[in-house]
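Peer 1: got a sequence here, can you build the structure:
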Amino acid sequence: MSIVTGNLLADLPDASLGEVFQPLLEQDGVRIERIVSHGQATPEGEWYDQGCDEWVLLLSGSARLLIEGETEPRVLANGDHLLLPAGCRHRVEWTDPGRPTIWLAVHFGPGI
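Peer 2: Model prediction:
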């Protein structure tokens, strides 16, 4: 494997028309990606329901994430992170429309 470098906060894609998912690494049951949002939310009535665990870190911006069964969305700001176990249904209720919201997502375990 060769050395790869970059800056997660630089060279951001235009996400004004839709979230952008950029793979950074995928191997041996692990996938790491940068997600850039700019005012997007999960469409009404839809949920993410993944077959693997996901650890997500909000690097920049702000968002609200609703976990199925919880009454209020979790407010996420710079540096906030959480672990979403496989099968944990969740949805993005809101991302900042005034600036990019940058996520680092690490997917791991069975189901990758």
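Peer 1: okay, strands next: where are they in the protein?
Peer 2: 20-27, 30-37, 53-60, 63-67, 74-76, 81-84, 90-95, 101-108 (DSSP state E).
Peer 1: any chance of these in a markdown table, plus mean neighbour count, distance to residue 47 and mean pLDDT?
Peer 2: Backbone N, C-alpha and C define where each C-beta goes, glycine included. Shown next, in a markdown table, are those (neighbours: other C-beta atoms under 10 Å; distance: least, C-beta to C-beta, whole Å; pLDDT from 0 to 100):
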| stretch | mean neighbour count | distance to residue 47 | mean pLDDT |
| --- | --- | --- | --- |
| strand 20-27 | 12 | 17 | 96 |
| strand 30-37 | 18 | 17 | 98 |
| strand 53-60 | 18 | 13 | 98 |
| strand 63-67 | 19 | 9 | 98 |
| strand 74-76 | 16 | 15 | 98 |
| strand 81-84 | 14 | 11 | 98 |
| strand 90-95 | 20 | 5 | 98 |
| strand 101-108 | 20 | 16 | 98 |
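Peer 1: turn the ones you listed into TSV, including distance to residue 3.
Peer 2: Formatted as TSV, these follow (distance: least, C-beta to C-beta, whole Å):
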stretch	distance to residue 3
strand 20-27	12
strand 30-37	15
strand 53-60	22
strand 63-67	32
strand 74-76	31
strand 81-84	26
strand 90-95	32
strand 101-108	19
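Peer 1: which among these is found nearest to residue 44?
Peer 2: Of all the strands of the chain, strand 90-95 sits nearest to residue 44, with 9.0 Å by C-beta to C-beta.
Peer 1: mind giving me the packing neighbours of the closest one?
Peer 2: strand 63-67 (3 or more C-beta pairs under 8 Å, 6 or more residues apart in numbering; DSSP states H and E).
Peer 1: give me the residues contacting the strand it packs on.
Peer 2: 37, 72-76, 82, 84, 88-96, 101, 103 (C-beta atoms under 8 Å, 6 or more residues apart in numbering).
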